[in-house]
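**Q** sequence plus the predicted model coming up.
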Amino acid sequence: MQNPPKWPRQLLCWWAKEADIDDLLGDMDEAYAYSLQEYGKLKAQWDYIRHVLSLIFSYSLKQRKASAAYTHYYSDSSLAMFGNYFKIAIRNFSKQKLFTFINIGGLAMGMSVSLLIVAVLSQVVQFDEFHEHKNEIYRVVTDHQDLDGQRTYASTSQGLFEAISQGYPDIQNVVRVDENFHETLLHENHEIHISGIYTDPNYFDVFSFELSAGDVREALVKPYSIILSQSTAQKLFDDVNPIGKILTTRSGHHYTVTGVLAPHPRQTHLSYESIVATNTLNGKPNALSTEQAWSNRGSFYVYLHLEDNADDDSLAPLLAQLSNQANSHLEQAKVNYDLQAFTDISPGKNLFNDNTPFDWLTAVFLFCLGLLILIPACFNYANLMIGRALKRSKEIGIRKVVGGSQQQIVIQFLVESVLLTLMALIGTILIFTIVRDQFTSMVYGAETLDLSLSINMIIWFVVFGLLVGIGAGLFPALYFSKIRPLGALKGASSSGSISISTIRKSLIVVQFVISLVFIIGVTVIAKQHQDMLSYHLGFDQDNVLTVPLKGVDGELVAQEFSNVAGVKEVSLSSNMPGMETGLIRTHIRQSNNVEDSMKVYEMYVDDQFLSSLGFEMVWGENLNYASSINEPILVNETFMERNKIINEGQDSLLMNIGEQRSHIVGVLKDFNFMQLNMAIAPMIIRYAPERARYALLKVDGQNIISTIDQLEAKWDQIDQEKSFESYFLDHQIEASYQSAFSIIKVVGFLGLLSITISCIGLLGMIVYFTESHIKEVALRKIMGASLLDLYRVLGSSFMKLLAIATIIATPPAYLFYDQVFVKMISKYSVGVGWLEIVTSVSFMFVLGGLPILWMVTRLSNVNPAANLRYE
Amino acid sequence: MKGYLGEFEELVLLTIANLGDGAYGLALLRDINERTNRNLSLGAMHSTLTRLEEKGFITSYLGEPTNERGGRRKRYFELTDNAIVALNDMKSLRDQLWSNPKIDLSL
C-alpha cells in the first residue's frame, strides 16, 4: 500500500501541539486508503490534503487544543511543581556537597568584582537626582581648539561668567562654582587643610542644598564668609554651634562661619567641604588680564538655570555670540561654548577638567573588568553541571517519561542555578563588605558613594544574582532538556563514561589564559615598582633632607642650617627633584616665529644645588653669580639637542627667556627631574635663591634624630609662627610611586580571584574525570601501577591544558606589558624580563597542580576492591 | 421546544443511530456523502460532531487500538437521551405538518 505524503500530517501535528488528535489521524489514514483503492493515487492525495487543511481550520481542532492547554498534565507553572524543583535542588545540593561547595565558592568569587560595580552603578544612577530644578540646569562647557588639537573642557572662564551674567532672557540664574578655595586652617594647634568653592548666594536658589544652621540669604554676602559641610563642621567644632566662629588660616586670613549645610544625599558631584563667598577674592591682589580672564579655566564652572520654556537650542545664538567675544580676546586658541544638561554630568562624557568623578568610559571599563572575572565563573558552573550529566540524566529521563515537557526541565534547572547563585550571593556580599573599604580608599570620588547595605542596595544585588543565576544556568538547562529520555535511561548505565568534550577543555584553557595574564601583570608591576625605586635618577637622592620653606627667607635658613652638626651641605631649590609635577613651563624663542619656539621647564636654585645633590656636568661650569650683562643659566643635554633644531646659525649659547637675555654657562648630564613616567624634557636652571621653596640638606647618615632636633631649634629661632617640617627626599620619591602599589593591589586581587576560579573549574573537572575513571584506577592499582604511574596517567592530560594556556597567554601578555603597560608607567624601564614570565608560569602550574595532586592522592589511597564495587 | 437541530445536525444524529456500534468519524462521513451525494471534508464532519457533543446530543468514547489503521484508535459516537427526544420532536413536528389533509405536495 502506498503511503500518503508526509508533510500534511506533520503540519497538522505541529499545528495541533499537545491536543489529542490520534483518532483524526486514524480517520485520515483510513480515508486515504479507501480513496486510493476506489479512485487512484492522485485523487487520494488530493482528498488527503483537503481533509488535513479542513481539519486544521476546523472548530473541532480548535476546541481540542483549548482543552489540551488546561489539562493538569501540561501545566508549566503550578506552585507545587516549583516546590518540587526546590526540594530536588536542595536534595541534590546536600547529596553532592563537594560540587555544591565548589560551585558556591566559584560563583561567590566570580560575582565579587561585578557586585562592587553593581553597587557603584546603583549609586551613580542616583547622582544629582534630588535637585528640584535638575531639568532646567545646564553647565557651560568649552570646546577648545589650539595647536595641540581639539579638547572639550567641563570648565569655563571668568570672562564668560561675567559676560553671560549680564541678564539675558531665558536665563533665570547664572551661578559660578570656583573650586580654587584651598586653605590651611590653624585650629586648636593643628593645621587642617580645607578646600571648597567660591560661589554666590544664588547657589542655593539653583541647587537644592539647604542650611541646617545660618541664614541662606545672608550666608554668602560678606567677604570671608564660609559655609561648612556637615562633616567638616563636626570635625572642627564637634557639637558646638559653629555659627559666628572665626577660622584663621596659615596665611593670616580670618573666615567667619555663617552656615552649616544640611545633610543631603551623598550622590552629587557638587560635594564640597566648604563654600566661601566669592567677594572674598575681590580683596586679593591677583587681578587677571583680559586675555587671562577668557583663557584661564582652571576648575571654574558655570551653571545656568534656564527658564521653563528655554532649552539648550534656544540658547545657541547667545553662546555663539559669546564664543566670538571670547575668540576676540584669545591669541592662540579658538573656543566654542556649549551647554551640557545637568543630569548628563554624572555619569557623563569624559571631559577635561571635569569636576565629576564618574564618566561612562570608566564605567564601561570597570564593567568589562567585572565580566572578565564573572564569565569564567559562569563557565565553571556550566562545566560542572554538564560534567554531572551522567548522574542527572536518569532523573531527567524519568521526568520526561512521566510527562515532563522540555520547558519544565529548563525551568527546573534554572531554579536550581538561581538557588545556588543566591546562596553564593551571601558569600559575595561577605567578600564585598571586606573589600569595600579598600576599594573606596582607592577610587577617586568614593566619598560621594554610599556603599552601605541598604534595602535598595540589597534589591540591586538580588536582581543581579537572579540574572547571573539565569545566565549561568541557561546553557546546562538547555543541554539537559534536550536529553532523550529513552537514551538516557538505557544508555547511562551501559556507556559508562562520557569523554570530556573539546569545548569544555577549551573553556578551562581560556580561564587559565585570563588568569595567567593577570598573574604576569602582578609580577611585572611588582618588578617595575622595585626598579623604579632603585633607578638612578642622575643625582644623589640618599640622605637628603628636604625642608619646605613656607615663605621663610631661604638664604637665612641655609646659612643657619649649615652650622648644624651633621649637615654637610645646604642648597636651595624651587622644586623637589625626582618627583616634581608642578614645574614652571616657559617658551624659548629664537625668533618671532611661533614655530621656532620650544617649551622648557624652569627651576630656580642657588649655587650649592649642583654639588650637594651630585649632579654631573657635561660641559661648562657651575652658575657663577658674578653679574654680567647676560643672565648665566644651566641647561640639560636634552635642551641642547632640541635647541639645535630651532636655532639657525645663531650663537647657540645665547637666547631670550622672556625679556631677559641669557647665556648658557654649563650643560648638565640628563637627569630625571620628574617621575619616571615622564620623558626627560628640556630644562633650564636659573640662579634665583629668593624663589626657592625648599631647602635641600645633605646630611650625615648617623645621628639623624639629633640633627633634625637641632634643625628644628634653629628654625624656631628664625620663625616662630610656621612649623618646621622635614622629609627625606628618597622617602618622598618612594611615596610618589604609591599609585603603582595600589595598582598592584587591584591587579593582584583580580589575579587571585581569577586563578582561584580557574583552579576551582579545574578541580571540578578533575573530580568528574576521576569519578568516571574510578574503576580504571582500581584496575591499574590491582595490576600493580605505582603512585607515580597514576599521577602520570591521570595528571598528564590536565597538565597539557595548562601548557596550552601558557603557550597562548604568554606572547600577547609579554607584548602588552612590555610594549604598552611598562611604557606607560616608566619611560626608562628595561622592559619585561624572562624572570617575571617564568615566575608567573610556575606559580600557575603550582596552583593548577594542587587540585590534580589532591584528587589523585585521594583516589589512590582508597582500597581498589571498594572502588570496583562502585555504583 | 428548545435547541433547534440544524438540517445537517439532524442528518448526523440519524446516521449515528443508523450505524449503531460502528459510528465513528470516517464511517459517518462516508455514509452521509454516499446517501446525499455530497463531498464533505473530515474537518466539517468533526466540527459538527464537536458542536453536537458540546450541546449534549452525543457522547464519544475511544475504541481499542486495532491493527487495521496503523494502530490508531477510533472515536465512536453515541446518542444521548436528549438527542432521541429532540429527534422525536422533530419527527412529530414534521408528521403533524405532513398529516394536514389540505397539503398538496404530490410530485
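**A** Yep, it's here. Numbering: from 1, shown residues only, chains lettered A, B, ... in the order given.

**Q** alpha carbons only for contacts and neighbour counts from here, please
**A** Will do.

**Q** give me every residue that touches A:L545.
**A** Counting by Cα atoms under 8 Å, 6 or more residues apart in numbering or on different chains, A:L545 touches A:L696, A:L697, A:K698, A:V699, A:S726, A:Y727, A:F728, A:L729.

**Q** of those, buried ones?
**A** A:L696, A:L697, A:K698, A:V699, A:S726, A:F728, A:L729 (16 or more other Cα atoms under 10 Å in any protein chain shown).

**Q** adding pLDDT, write the residues you listed out as JSON lines.
**A** Rendered in JSON lines, the data for the buried ones among the contacts of A:L545 read as follows (pLDDT from 0 to 100):
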{"residue": "A:L696", "pLDDT": "85"}
{"residue": "A:L697", "pLDDT": "86"}
{"residue": "A:K698", "pLDDT": "85"}
{"residue": "A:V699", "pLDDT": "84"}
{"residue": "A:S726", "pLDDT": "82"}
{"residue": "A:F728", "pLDDT": "85"}
{"residue": "A:L729", "pLDDT": "83"}
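
**Q** which ones among those lie within strands?
**A** Using DSSP state E, the members of the buried ones among the contacts of A:L545 that fall in strands are A:L696, A:L697, A:K698, A:V699, A:F728.

**Q** grab the nearest non-local neighbour of B:E10.
**A** Leaving aside its chain neighbours, B:E10 sits nearest to B:L87 (7.2 Å; criterion: Cα to Cα, 6 or more residues apart in numbering or on different chains).

**Q** now A:T290
**A** A:H329 (7.1 Å).

**Q** so which residues on chain B come close to chain A?
**A** Residues of chain B lying close to chain A (Cα under 8 Å from any Cα of the partner chain) are B:25-26, B:41-44, B:46-51, B:62, B:69-70, B:72-75.

**Q** show me these that map onto helices.
**A** B:G25, B:L26, B:L42, B:G43, B:A44, B:H46, B:S47, B:T48, B:L49, B:T50, B:R51 (DSSP state H).

**Q** of those residues - the most surrounded one?
**A** In terms of neighbours by other Cα atoms under 10 Å in any protein chain shown, these top out with B:L42 at 27 neighbours.

**Q** I'd guessed A:A108 sits against A:F432; true?
**A** No - under the criterion of Cα atoms under 8 Å, A:A108 is not in contact with A:F432, lying 9.9 Å apart.

**Q** which parts of the stretch 601-750 of chain A sit against chain B?
**A** Residues of the stretch 601-750 of chain A lying near chain B (Cα under 8 Å from any Cα): none found.

**Q** for the stretch 601-750 of chain A, which spans come out with low pLDDT?
**A** Residue ranges of the stretch 601-750 of chain A with pLDDT under 70: A:623-629, A:645-653, A:656-659, A:740.

**Q** closest point of it to chain B, which residue?
**A** For the stretch 601-750 of chain A, the residue closest to chain B is A:L750, as judged by Cα to the nearest Cα, at 63.7 Å.

**Q** in which helix or strand would I find the nearest residue to that residue once chain neighbours are set aside?
**A** Distance criterion Cα to Cα, 6+ apart; nearest residue to A:L750, sequence neighbours excluded, is A:F518 at 7.0 Å. According to DSSP states H and E, A:F518 maps onto helix A:502-534.

**Q** so how far is A:V260 from A:A219?
**A** According to Cα to Cα, to the nearest Å, A:A219 stands 9 Å off from A:V260.

**Q** overlap in contacts of the two?
**A** Joint contacts of A:A219 and A:V260 (Cα under 8 Å, 6+ apart) are A:I227.

**Q** mind checking which of the two has more residues around it?
**A** Set A:A219 next to A:V260 and count neighbours by other Cα under 10 Å: A:V260 wins out with 28 against 24.

**Q** next up, the contacts around that one.
**A** A:V260 neighbours (Cα under 8 Å, 6+ apart): A:L211, A:S212, A:A213, A:G214, A:I227, A:L228, A:S229, A:Q230, A:A233, A:P242, A:I243.

**Q** what does A:D29 give?
**A** A:P4, B:R69.

**Q** ok, which pair from the ones in helices among the residues of chain B next to chain A is furthest apart?
**A** Within these, two members stand farthest from each other by Cα to Cα: B:L26 and B:R51, at 16.8 Å.

**Q** how deep is A:N336 tucked in, by neighbour count?
**A** So A:N336, with other Cα under 10 Å, has 18 neighbours.

**Q** I should have written A:F461 there, sorry.
**A** A:F461: 23 neighbours (other Cα under 10 Å).

**Q** pretty sure it is in contact with A:V118, am I right?
**A** Yes - shown here, A:F461 and A:V118 form a contact pair, counting by Cα under 8 Å, at 7.4 Å.

**Q** so where's the longest strand in chain A?
**A** strand A:171-187.

**Q** buried residues in that one, which are they?
**A** Neighbour-count burial for strand A:171-187 [16+ other Cα under 10 Å]: A:171-179, A:183-186.

**Q** with stretch A:603-623 instead?
**A** Applying 16+ other Cα under 10 Å to stretch A:603-623 flags A:603-613, A:615, A:617, A:622-623 as buried.

**Q** same check, this time on stretch A:261-281
**A** Counting neighbours by 16+ other Cα under 10 Å, the buried set in stretch A:261-281 is A:261, A:265-269, A:271, A:273-280.

**Q** hang on, the earlier thing: emit the ChimeraX select command for whichever of the contacts of A:V260 are buried.
**A** Applying 16+ other Cα under 10 Å to those, the buried members can be selected in ChimeraX as follows:
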select /A:211,213,214,227,228,229,230,233,242,243
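
**Q** so which of the contacts of A:V260 belong to helices?
**A** Per DSSP H, those map to helices at A:Q230, A:A233.

**Q** out of the contacts of A:V260, which sit inside strands?
**A** Going by DSSP E, the strands hold A:L211, A:S212, A:A213, A:I227, A:L228 from these.

**Q** OK, contacts around the second one?
**A** Read that as A:S212. A:S212 touches A:G259, A:V260, A:L261, A:A262, A:P263, counting by Cα under 8 Å, 6+ apart.

**Q** let me know the secondary structure of the first one.
**A** Just to be clear, that refers to A:G259. strand (DSSP: H, G, I helix; E, B strand; the rest coil).

**Q** retrieve the pLDDT associated with it.
**A** Predicted confidence (pLDDT) for A:G259: 89.

**Q** sorry, back to before: name the strands paired with the helix or strand just after the helix holding A:F518 and say parallel or antiparallel.
**A** Stepping forward along the backbone from helix A:502-534, the first helix or strand reached (DSSP H and E) is strand A:544-548. Next to strand A:544-548 in the sheet, as set by DSSP bridges, lie strand A:694-699 (antiparallel), strand A:727-728 (antiparallel).
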